[in-house]
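*Asks:* Need a 3D model of the following:
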Amino acid sequence: MNQPRPTCFISYSHSDRAHAERLTSALQQRGLDVWIDALQILPGDSLVEKIFEEGLKNCSLFLVLLSPRSVQSAWVRHELDVAVINRLKRVTRVIPLVVEKCEIPVTLRALRWLDMSDGVARAADLIAAAAFQKKPESGTVGDPPKFVKHAIQPRAGLSQEAATVGGFLAKNISTKEFPSEFFDGEKIQEGTGLPPEMINDAVDELSANGLVRLHHHLGTVPYEFGWAEPTYALAYTFPDLIDGHIDPTNDVRQVAATVASLKEADGDALAEALNFEPNRINFAIEYLRDYGLIETQNFIGTAPYSFGHAMATRATRQYVHE
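*Replies:* Next up, the predicted model:
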């Protein structure tokens, strides 16, 4: 049985009607239902009944267009009051959109707002992201945006956006190939369908959690990074998505035990002892090194391995015995 599309209620001053109508068209193109008085209220209809009983009662997103006119509008304030109450009941997500510089109402200052001067298309992309990802388990109808089709459920404390970007990167990791591929913003957008602002936030979150290393250079606007390089931690967070088999807990223990037994080993020695593919060894070595459980020597010409020699220490032997 089809589930209803997310519905957006647009609250605006009639002097901002042109902005509201452009936004309505952009949202409808992205698979959203839009409740706007210009379309839903007919001559003779009760304003109170149509707006408060039909429009606001059933909307999942409340979009309020902010301008010097709307913040002075009594109708906008009444609609906002109802939306804020519904938000407190976890029914409606309130999204302010600034169409012209004005004083943001106190009730909205704690919320993330969008700047319409960045373009209607970008605002519509972000609103669609909020709408379709609000309840991913409920399903959608029609032709939802690409990022909905590629969304990955959050894991390891990651947000939906970070999990989606992280999952996309993980699908491009292979246990056979080294070095790992680098990804710029355009490639991530092509693979996930997320808008640039959400990609920037997701990549920053992944970097803060050690799941990617960021490389910066000039000329990357609208992206705030040049390249994102996946780390072993990303592979260990999404082991079910990578190309090849890894078992993070057992891999680390087996590699540590082998290094402890050999006292010193290069990648070929570990591959022969464990029958692991190169990146499976690299991931475990990098984990052990980052946690101070082994020491490594690195030099040029070690491919397909990311290290030269791994050496056992007291910490290695204690870890293996424990």
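*Asks:* what's the distance between the residue lying closest to residue 276 once chain neighbours are set aside and residue 102?
*Replies:* Beyond its immediate neighbours in the sequence, the residue positioned closest to residue 276 (C-beta to C-beta, 6 or more residues apart in numbering) is residue 270, lying 6.9 Å away. In this view, the C-beta of every residue, glycine as well, is placed from N, C-alpha and C. In this structure, residue 270 and residue 102 are 63 Å apart, going by C-beta to C-beta, to the nearest Å.
*Asks:* Go ahead and confirm residue 64 touches residue 97.
*Replies:* Yes. Using C-beta atoms under 8 Å, residue 64 is in contact with residue 97, at 7.0 Å.
*Asks:* Pull the residues that contact stretch 271-284.
*Replies:* Contacts made with stretch 271-284 from outside it, assessed by C-beta atoms under 8 Å, 6 or more residues apart in numbering, are listed as 173-178, 180, 232, 235-236, 244-246, 248, 251-252, 254-256, 258, 262, 265, 267, 270, 304-307.
*Asks:* mind listing what's buried in that stretch?
*Replies:* 271, 273-274, 276-284 (16 or more other C-beta atoms under 10 Å).
*Asks:* Stretch 206-224 now?
*Replies:* Neighbour-count burial for stretch 206-224 flags 206-207, 209, 211-212, 220, 223-224 (criterion: 16+ other C-beta under 10 Å).
*Asks:* cool, stretch 121-136 as well?
*Replies:* Those would be 122-133, for stretch 121-136 by 16+ other C-beta under 10 Å.
*Asks:* Which helix or strand contains the residue nearest the centre of the chain?
*Replies:* When C-alpha atoms, centre = their mean is applied to the chain, the residue found nearest the centroid is residue 161 (1.3 Å). In the assignment (DSSP states H and E), residue 161 maps to helix 160-171.
*Asks:* Now that helix: average pLDDT?
*Replies:* Averaged across helix 160-171, the pLDDT comes to 89.
*Asks:* Please enumerate residues in contact with the helix or strand that it is followed by?
*Replies:* Sequence-wise, the next helix or strand beyond helix 160-171 is helix 185-192, with elements assigned using DSSP H and E. Outside helix 185-192, the residues that touch it by C-beta under 8 Å, 6+ apart are 146-147, 150, 164-165, 168-169, 194-196, 199-200, 203, 220, 222-223, 225, 228.
*Asks:* what sits against residue 243?
*Replies:* Residues in contact with residue 243 (C-beta under 8 Å, 6+ apart) are 171-176.
*Asks:* Could you report the separation of it from residue 304?
*Replies:* Spatial separation of residue 243 from residue 304 under the definition C-beta to C-beta is 14 Å.
*Asks:* Ok, residue 116 next?
*Replies:* Using C-beta to C-beta, we find residue 116 at a distance of 50 Å from residue 304.
*Asks:* quick one, which of the two is more surrounded?
*Replies:* Taking other C-beta atoms under 10 Å, residue 116 and residue 304 do not tie; residue 116 has more neighbours (20 against 16).
*Asks:* Is it correct that the more buried one is in contact with residue 97?
*Replies:* Yes. In this structure residue 116 lies within contact range of residue 97 using C-beta under 8 Å: 5.3 Å.
*Asks:* Spit out the residues that contact those two alike.
*Replies:* Both residue 116 and residue 97 are in contact with 23, 65, 123, where contact means C-beta under 8 Å, 6+ apart.
*Asks:* quick one, phi/psi of the first one?
*Replies:* Dihedral angles phi and psi of residue 23 (degrees, to the nearest 10) take the values phi -70, psi -40.
*Asks:* Could you list the low-pLDDT ranges of the stretch 101-250 of the chain?
*Replies:* By pLDDT under 70, the weakly predicted segments of the stretch 101-250 of the chain are 104-111, 133-154, 156, 178-180.
*Asks:* now the helices: where do they sit in it?
*Replies:* In the stretch 101-250 of the chain, the segments counted as helices under DSSP state H, counting those that start in this stretch are 120-133, 146-149, 160-171, 185-192, 196-208, 232-237, 248-262.
*Asks:* Which elements pack onto the third one?
*Replies:* Packing partners of helix 160-171 (3 or more C-beta pairs under 8 Å, 6 or more residues apart in numbering; DSSP states H and E): helix 120-133, helix 185-192, helix 196-208, strand 227-230, helix 232-237.
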